[in-house]
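# would you be able to build a 3D model of this:
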Amino acid sequence: MAFKSEEDKVAYWRDNLRLLLKLLIIWFVVSFGCGVLLVDVLNNIQFFGFKLGFWFAQQGAIYVFVILIFVYVHKMNQIDKHYGVDEE
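Numbering: from 1, shown residues only. Presented below is the predicted three-dimensional model:
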């Protein structure tokens, strides 16, 4: 991985950390917020025959986590191309 300049290297890692922070916040809100804090409110809604709060606590947070992995890969490929450090 060869950066053009030290500023590109710093900007690359800043963008990487910014993306990670956004995705971790989404993960926290979905897993802890929807699965623990808002479970009573969400349980008033039915989703495929299950209470929505129960569904988020048992399965929804896992699905969101897997989606976030694919989003991270896609966005990091874009960031890599932007800074000229992609693998292709």
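
# buried residues in stretch 22-29, which are they?
Buried residues in stretch 22-29, counted by 16 or more other Cβ atoms under 10 Å: 23, 26. Placement of C-beta: from N, CA and C, glycine included.

# my bad, stretch 73-81
Using 16+ other Cβ under 10 Å as the test for burial, stretch 73-81 gives 75, 79-80.

# repeat that for stretch 8-22.
12, 15-16, 19.

# quickly find the element holding D8.
D8 belongs to helix 6-28 when elements are defined using DSSP states H and E.

# which element follows that helix toward the C-terminus?
Following helix 6-28 in sequence, per DSSP H and E, is helix 39-42.

# quick one: contacts of that following helix?
Applying Cβ atoms under 8 Å, 6 or more residues apart in numbering, the contact partners of helix 39-42 are 34, 51-54, 56-57.

# beyond it, next helix or strand please.
Counting by DSSP H and E, the next helix or strand C-terminal to helix 39-42 is strand 46-47.

# where does pLDDT dip in this structure?
Scanning the chain for pLDDT under 70 picks out 1, 88.

# now do the contacts for the spatially most central residue of the chain.
Residue closest to the average C-alpha location in the chain (Cα atoms, centre = their mean): L23, at 2.9 Å. Contact analysis of L23 by Cβ under 8 Å, 6+ apart lists 68, 71-72.
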